[in-house]
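> Give me a model of this one.
(chains A and B)
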Amino acid sequence: MHIPDGFVNAPVCVAGGLLAVGGLAVCVRRVGTSMRTPGGSAVGGSDIPLAGLAAAFFLVLEAPIFPIGVGTGGHLLGGTLAVALLGPWLGPVVVSVVLVVQALFAGDGGVTALGVNVVNMALLPALVGYPLLIGSARVLTRILGRARLAVVVGCAVAAVVSVLAGAVLYSLEYAVGGAADVPAGTVAAATIGTYAVIALFEGPVTGLVVAALLRLRPDLVRVGRHLTKAPAA
Amino acid sequence: MSGAAHRPGAQPVVAADTALHRAPPQCKVAATAVCVLFVACTPTGVLWPYLGYGALLVGTAVIAAVPARALLRRLVVEIPFVFFVVLLPFLASGPTVGVLGVRLSLAGIASAVAIVLKASFGLLATGLLAATTPLPEVIAGLERLRAPVIVTAIASFMVRYGELLNSELARLRTARVCRGADQRWLWQVADVAGCVGALFVRAFERGERVYLAMLSRGYTGSLPPTLTGAAASRFAWLTALAVPAVFAGLAAAGWVTRS
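Here you go, the predicted structure:
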C-alpha cells in the first residue's frame, strides 16, 4: 500500500499531506503531555523506548511478502498492532516515522504520496481500528467471559478490518485522483484482492503477537492494561 | 550506538574529512529532503532532468569523496519495492507498442520508468547524506530543524533497536530451524507469532535497561544542547540550499517543456 510517486495526482497528494500533518499534530500534542516527564511514572516512562522498539520492529519485519500488486507493494502493515501496543495517539506517530524512513531510505512509497500513505496506514488504524478493537474486546468479554482472549480476538478483528479499510480507501483515492493510466477498476480489484489475502494474515499475526505479549509482558500492551489491574474480569 | 551502519539498507558513513562531512547536519538534512521532494515532483515522461540531477549528485559525491560503488549498492534495497512496476506496461491502458509480440502500454512504460528513476535518485540523495553524516548527527540536525521531540526520540530509539532486533531475529530463526521449523507451513504461524512476541519482549527488556540508564544520566527526551551543535551560518545555509535550488529549476523546466 506504499503508494509510489506519480500514482495519485497533486490535489490528492496535497489533501493527503494536509490531513496527515493535521492528524499527526493532534497525535503529537496528545502524546506530548505524557512525554515531558519521561521518568515520572513507570508507564509513561517506558512509552518512548517502547515506541522506538515498535518502530524498529516494523522496519525490520516489514519485508515485503507480497511484492506484486497494481501500484502497491503489499506486506504486513502493523498499524493495528501499533495502536494496540501504544494507544491511538502514539501509534500513528510511530507508524509515520517508519513510513518516512521507508520512503527516504528504502525507496518504498513516494515522497509526494507520503501524506496519503500516512493517512491510509497510520491514521486509519487509529480512527477505525482502535474504536473497533476496544468495542469488540468489550463485547467479546461479555460473551466469552475471558477478558484476555477477548482482547486478542478484538485485535485480530480490528487488524483485518483496518487493512481492508485501507485498501478500500486507497482504491477510492485512486478513483478520485489516479494519475497513472491504469483503470481505477483494475486498481481497486487488485488492491482489495491482494489486501484481502494480507488481511487474513495480518489478523491472526496481530492477535497472536498480542497474545504472546499479554502472556510475557502484559504491561506493554496498552489495550490490555486493564487486565493487569483486574485479571479475569 | 555505532551510527548508520545497522539500519537495513544503510551504508556505513564513509570516513573522510571533506567540506560535506564538516557541514552543519541541519543544512544537509534540509537540503537532502528538499532535493528528494523536487525529484519526486518531476513530471512523468520527461527524462532529461534526471541527467541534471545525476550530474549534481555525482559532483556532490566527488566533493564528499564517496566512492560510486558504496552509493550504487544502496539501490539494491529498492528492488523488492519497485518490483511491481514490471506489471505496469501490461496493465495500463492507452496506446500500446508491440515488443516481441506482446502489447505494452506506452503510458505504463512511462510511469514505470518514472517510478524507478524517482526512487533511485531519492535513494542516491539520502545515500549521500548517510555517507557524510553519522546518524546521531542526522537526528541532531532534525532537532535543530525543530522536529517534534517525540519524533526525534522515536527515530533515535528506532535506530538503536534496529541492530538489536536483527541479531535477535537471526538467533531465534536459527533456534527454530534447529527444532525442525519450516516457515512455509501455514500451521506453524502460531510458532512464528510466538517468536515475534518473544523477540519483542527480549529486545524491549534490553532496551528498557538502556533507557533507565539514560534517564539516570538526565535524559529528558532530547539531546543535550552541547550535542546538538551550533546554529548554522548563513553561508552554510546558502551553499547547502544551492543544490536543491538547481533541482527545483530542473523540475520546473521539466514541467515547462512537457506542455
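> When you work out contacts or count neighbours from here on, use the C-alpha atoms and nothing else.
Noted.
> other SSEs contacting the one helix or strand B:A213 maps to?
Element membership for B:A213, per DSSP states H and E: helix B:189-216. Secondary-structure packing of helix B:189-216 (3 or more CA pairs under 8 Å, 6 or more residues apart in numbering or on different chains; DSSP states H and E): helix A:47-61, helix A:184-216, helix B:149-178.
> what's the angle between that helix and helix A:184-216?
Relative orientation of helix B:189-216 and helix A:184-216, computed by axes from the mean of the first three to the mean of the last three CA atoms, to 10 degrees: 70 degrees.
> count of residues packed around A:V60?
Residues within reach of A:V60, counting by other CA atoms under 10 Å in any protein chain shown, total 17.
> let me fix that: B:R209
Per other CA under 10 Å, the neighbour tally for B:R209 reads 12.
> Next: B:A248.
By the criterion of other CA under 10 Å, B:A248 has 19 neighbours.
> ok, now B:R206?
B:R206 has 12 nearby residues by other CA under 10 Å.
> quick one: the helices in chain B?
Counting by DSSP state H, chain B has these helices, from start to end: B:19-22, B:25-40, B:48-63, B:68-73, B:79-82, B:88-91, B:106-132, B:135-144, B:149-178, B:189-216, B:234-258.
> These: lowest mean pLDDT?
Across the helices of chain B, helix B:79-82 has the smallest mean pLDDT, namely a mean of 66.
> Could you report the separation of B:R160 from chain A?
In this view, B:R160 and chain A are 8 Å apart by CA to the nearest CA, to the nearest Å.
> neighbours around that residue, how many?
Taking other CA under 10 Å as the criterion, the count of residues near B:R160 is 22.
> and among the helices and strands packed on helix B:189-216, the most buried is which?
The highest average neighbour count among the helices and strands packed on helix B:189-216, using mean count of other CA atoms under 10 Å in any protein chain shown, belongs to helix A:47-61 at a mean of 25.
> so, in contact with chain B or not, it?
Yes - residues of helix A:47-61 contacting chain B under CA under 8 Å from any CA of the partner chain: A:48-57, A:59-60.
> How about the contacts made by the residue most central in space within chain A?
Most central in chain A under CA atoms, centre = their mean is A:G79, positioned 1.3 Å from the mean C-alpha point. Residues near A:G79 by CA atoms under 8 Å, 6 or more residues apart in numbering or on different chains: A:91-92, A:95, A:121-122, A:125-126, A:159.
> Show me those residues that map onto strands.
Residues from these lying in strands, with DSSP state E as the criterion: none.
> List just the nearest of those to B:A114.
The closest of these to B:A114 turns out to be A:M121 (CA to CA; 23.9 Å).
> Give me the distance between the nearest residue to that closest one once chain neighbours are set aside and B:F235.
Using CA to CA, 6 or more residues apart in numbering or on different chains and skipping residues adjacent in sequence, the residue nearest A:M121 is A:G79, 6.1 Å away. To B:F235, A:G79 is 42 Å away according to CA to CA, to the nearest Å.
> B:L37 now?
According to CA to CA, B:L37 stands 23 Å off from B:F235.
> Show me which of those two is the more surrounded one.
Remark: of B:L37 and B:F235, B:L37 carries more neighbours, 22 against 9, as counted by other CA under 10 Å.
> Could you pull up the residues touching the more buried one?
A:111-112.
> So the residue nearest to A:A113 when sequence neighbours are not counted versus B:A65, what's the distance?
Closest residue in space to A:A113, ignoring its immediate chain neighbours: A:C13 at 5.5 Å, by CA to CA, 6+ apart. Between A:C13 and B:A65 the computed distance is 36 Å (CA to CA).
> swap in B:G122?
B:G122 is 19 Å from B:A65, by CA to CA.
> So for those two, which residue has more residues nearby?
Ranked by neighbour count (other CA under 10 Å), B:G122 and B:A65 place B:G122 first, with 27 against 19.
> Contact partners for that one?
Neighbouring residues of B:G122 by CA under 8 Å, 6+ apart: A:104-105, A:107, B:35-36, B:39-40.
> Let's see if you can find the most crowded of those residues.
A:G107 (30 neighbours).
> how about B:R179, phi and psi?
With angles defined as degrees, to the nearest 10, B:R179 sits at phi -90, psi 10.
> who are the neighbours in contact with the nearest residue to A:V94 once chain neighbours are set aside?
Leaving aside its sequence neighbours, A:V94 sits nearest to A:A55 (CA to CA, 6+ apart; 5.7 Å). The contact partners of A:A55, by CA under 8 Å, 6+ apart, come to A:94-95, A:97-98, B:154-155, B:158.
> Let me have these in TSV, extended by distance to A:T141.
Shown next, in TSV, are the contacts of A:A55 (distance: CA to CA, whole Å):
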residue	distance to A:T141
A:V94	29
A:V95	29
A:V97	34
A:V98	33
B:I154	33
B:A155	36
B:M158	34
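> Next, count neighbours for B:S233.
Neighbours of B:S233 (other CA under 10 Å): 10.
> By mean pLDDT, flag the weakest helix or strand of chain A.
helix A:42-45 (a mean of 44; mean pLDDT, DSSP states H and E).
> on that earlier part again, got the phi and psi for the residue nearest to the centre of chain A?
When read as degrees, to the nearest 10, the backbone of A:G79 gives phi -60, psi -40.
> separation between it and chain B?
Applying CA to the nearest CA to A:G79 and chain B gives a distance of 16 Å.
> again with A:V116
For A:V116, the distance to chain B - CA to the nearest CA - is 15 Å.
> what do you get for A:P4?
7 Å.
> For the closest residue to B:G141 other than its chain neighbours, list the residues it contacts.
Spatial nearest neighbour of B:G141, chain neighbours left out: B:Q26 (3.8 Å); criterion: CA to CA, 6+ apart. With contact taken as CA under 8 Å, 6+ apart, B:Q26 is in contact with B:138, B:140-142, B:144-145, B:232.
> One more: A:G91?
Taking CA under 8 Å, 6+ apart, we find A:G91 in contact with A:51, A:79, A:82-85, A:122, A:126.
> Tell me which of those residues fall in helices.
A:51, A:79, A:82-85.
> Of the residues you listed, which is the nearest to A:V163?
A:V163 lies nearest to A:G79 out of these, by CA to CA, at 8.5 Å.
> re the thing from before, JSON lines please, covering the contacts of B:G122 and showing distance to B:S167.
What follows is these, written out as JSON lines (distance: CA to CA, whole Å):
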{"residue": "A:L104", "distance to B:S167": "24"}
{"residue": "A:F105", "distance to B:S167": "21"}
{"residue": "A:G107", "distance to B:S167": "24"}
{"residue": "B:C35", "distance to B:S167": "34"}
{"residue": "B:V36", "distance to B:S167": "31"}
{"residue": "B:V39", "distance to B:S167": "35"}
{"residue": "B:A40", "distance to B:S167": "34"}
